[in-house]
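>>> Sharing a model prediction with you, sequence too.
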Amino acid sequence: MPHYAESFLSYIDRSPSPYHAIAEAVSLLTAAGFVSLEESERWALKPGGAYFVVRGGKSIVAWRQGSAPAAEAGFRFVAAHSDSPVLKLRPRPDLDAKGLRLLTAEVYGGPLLSPWFDRELKLAGAVWCGGGTVKRHLVDLPKLPVRLVSLAIHLKSDKGSDSFTLDREKDLAVFVGQGAKPGFDLVREAIAEALGGDPGPILSIDLSLGDAAPAVRLGAEGELISAPRLDNLFSAFTALTALIESTPAEATLGAIVYDAEEIGSQTYTGARSNFVESVVDRIVGGGSEDVWRAKARSLIVSADMAHAEHPSFTSATDPVTVPALNGGLAVKTGVQGNYAIGPAAEAWFLKVCEEAKVPLQRFRYRCDHGRGSSIGPMATSGLGMAGIDVGAPMLAMHSVRELAGTADLEASIKAFAAMYASREPLPV
């Protein structure tokens, strides 16, 4: 347990943006002997080989090539996503207010916005610079702390109210300093310092705000994890770890980390893209007949986080199908299509985990509440593969910092490892 927990905390701290999360995944896979492939090059795949390919710096597919042809043995994928609900800098972010240097931001996805105010934040992500060949640089800028600042309660028209209302156009001013220099000039200087020199003119940016404080363990035994971006780097880490620790099998075993889940996945790095489909086609070879045979023998486990019961809001979750922190991975179901609907795949996964003595829980939304979704419906329907949705329980989902159970790291890895290792035939 400490091994996984400490490794995961390090992974979170080194992954302040999707670009960094995928770069860290590449480091983990490379250290484990996986071979990097490029989409633009020819592939020469061997049975039992371990490979990965990255698209756009924010999505990755890693796999162990099966000893049997994929048309005969299929694929077993665990799929997660690299992005989280955040605030992003606008392309021209400078704003001046009576000598205060501000940056303008906009909302990405659906974050809980109130916790982002009045705490130290930092910028991280990617910049593209010229001065020659256009080059992408990953940057993490903890030496330039920034923050969003609330209006004092004394200045509110309703001084007795604790309600939080926000005008997304005018209230997301990011305080970066005071003085003569525009705010983005301070960002440029911090980027140059972080890169060890001037990278040339900045042509494009993809910079997010994130909590500047590191991930930590809470509780007398360190049984809880407090960290940013648990949704969904928790699932990305556990899927990649299970794959790295797996051994080659007849089926091709894979881990997918998509981008853009929080904004609907309609990007060329998202679950609605042809990224995984193209990888599957190239692994199978042999034409469309073999590709469709392989898909019919395949399974995708969509791994995103699940809601645990909040002790102060017990009525917000279904009283029967709500998981507990540190109780194991939860199987997420619903009849509205917000999660992957695959009863046969669900039965197979439950049997495999039961035989491996891996604990599982259940999650369903209340019938009268709104509901979240995942990449599961998009991935399974787009690829034509059976699948289910699972997730580790957590609290404060979509906050700037979230809370999950330390023991659920190992429980998730064991569940995915059982799926990879099982010789139980998939229902077709």
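Thanks, I have the structure now. Numbers count the residues shown, from 1 in each chain.
>>> so where do the strands sit in the stretch 101-250 of the chain?
121-129, 135-148, 173-178, 202-211, 216-218, 224-227 (DSSP state E, counting those that start in this stretch).
>>> Can you tell me which helices and strands the last one packs against?
Under the contact criterion of 3 or more Cβ pairs under 8 Å, 6 or more residues apart in numbering; DSSP states H and E, the helices and strands touching strand 224-227 comprise helix 2-13, strand 216-218, strand 402-405. Just so you know, the C-beta spots here come from the backbone N, C-alpha and C atoms, and that holds for glycine as well.
>>> try it again with 7 Å
Here strand 224-227 touches strand 216-218, strand 402-405, going by 3 or more Cβ pairs under 7 Å, 6 or more residues apart in numbering; DSSP states H and E.
>>> Check the fourth one too.
Packed against strand 202-211, as judged by 3+ Cβ pairs under 7 Å, 6+ apart, are the following elements: strand 86-97, strand 121-129.
>>> Show me what the mean pLDDT comes to for it.
Strand 202-211 shows a mean pLDDT of 97.
>>> Show me which residues of it are buried.
202, 205-211 (16 or more other Cβ atoms under 10 Å).
>>> before we move on, what about the second one?
Neighbour-count burial for strand 135-148 flags 137-142, 144, 146-148 (criterion: 16+ other Cβ under 10 Å).
>>> Could you dump the buried residues of strand 202-211 into a markdown table and include distance to Ala236?
Formatted as a markdown table, the buried residues of strand 202-211 follow (distance: Cβ to Cβ, whole Å):
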| residue | distance to Ala236 |
| --- | --- |
| Ile202 | 28 |
| Ile205 | 24 |
| Asp206 | 18 |
| Leu207 | 21 |
| Ser208 | 16 |
| Leu209 | 20 |
| Gly210 | 16 |
| Asp211 | 18 |
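>>> Relative to Ala421, which of those is nearest.
Nearest to Ala421 among the buried residues of strand 202-211, counting by Cβ to Cβ, is Gly210 at 35.6 Å.
>>> Setting the sequence-adjacent residues aside, check what's closest to Asp290.
The spatially closest residue to Asp290, leaving aside those adjacent along the chain, is Ala71, at 3.9 Å (Cβ to Cβ, 6 or more residues apart in numbering).
>>> Surely the one you found touches Gly285?
No: assessed by Cβ atoms under 7 Å, Ala71 is found out of contact with Gly285, at 8.8 Å.
>>> Which one's more surrounded, those two?
Ala71 (19 against 14; other Cβ atoms under 10 Å).
>>> For Val61, which residues are in contact?
Counting by Cβ atoms under 7 Å, 6 or more residues apart in numbering, Val61 makes contact with 52-53, 254, 256, 275-276, 279.
>>> List the buried residues for the helix or strand encompassing it?
Element membership for Val61 (DSSP states H and E) is strand 59-64. Across strand 59-64, burial judged by 16+ other Cβ under 10 Å covers 59-64.
>>> cool, and stretch 118-127?
Quick answer for stretch 118-127 (16+ other Cβ under 10 Å): 121-127.
>>> So in this structure, where's the weakest helix or strand by average pLDDT?
Lowest mean confidence among the helices and strands of the chain (mean pLDDT, DSSP states H and E): strand 86-97, at a mean of 89.
>>> which intervals of the chain have sub-threshold pLDDT?
The model of the chain has pLDDT under 70 over residues 1-2, 159-162, 428.
>>> Could you chop it up by domain?
In terms of domains, the chain is parsed into 2-84+228-421, 86-155+163-211 (source: automatic domain parsing).
>>> Make TSV out of those domains and add distance to Gly219.
Conversion of the domains of the chain to TSV gives the following (distance: least, Cβ to Cβ, whole Å):
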stretch	distance to Gly219
domain 2-84+228-421	8
domain 86-155+163-211	20
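>>> which one of those is the most hemmed in?
The highest mean neighbour count among these, using mean count of other Cβ atoms under 10 Å, belongs to domain 2-84+228-421: a mean of 20.
>>> what's the spacing between Phe75 and Trp63?
Note on Phe75: its distance to Trp63, by Cβ to Cβ, to the nearest Å, is 8 Å.
>>> actually Val107, not the one I typed
The separation that Val107 has from Trp63, given Cβ to Cβ, amounts to 34 Å.
>>> now do Gly74
Distance, Gly74 to Trp63, using Cβ to Cβ: 12 Å.
>>> Identify the contacts common to Phe75 and Trp63.
252, 254.
>>> Tell me which of the helices and strands packed on strand 202-211 lies nearest to Thr314.
strand 86-97 (29.1 Å).
>>> by contact count, what packs against the closest one?
Contact partners of strand 86-97 among helices and strands, from 3+ Cβ pairs under 7 Å, 6+ apart: strand 100-108, helix 183-195, strand 202-211.
>>> Could you point out which of these sits nearest Gly382?
From the helices and strands packed on strand 86-97, taking Cβ to Cβ, the stretch that ends up closest is strand 100-108, at 22.7 Å.
>>> quick one: contacts of that closest one?
The contact list for strand 100-108 (Cβ under 7 Å, 6+ apart) reads 85-90, 93-96, 168, 172-179, 181-184, 186, 209, 262-263.
>>> what lines up beside that strand in the sheet?
strand 86-97 (antiparallel), strand 173-178 (antiparallel) (DSSP bridges).
>>> could you give the angle of that strand to strand 121-129?
Relative orientation of strand 100-108 versus strand 121-129 (axes from the mean of the first three to the mean of the last three Cα atoms, to 10 degrees): 80 degrees.
>>> Nice, that's everything, thank you.
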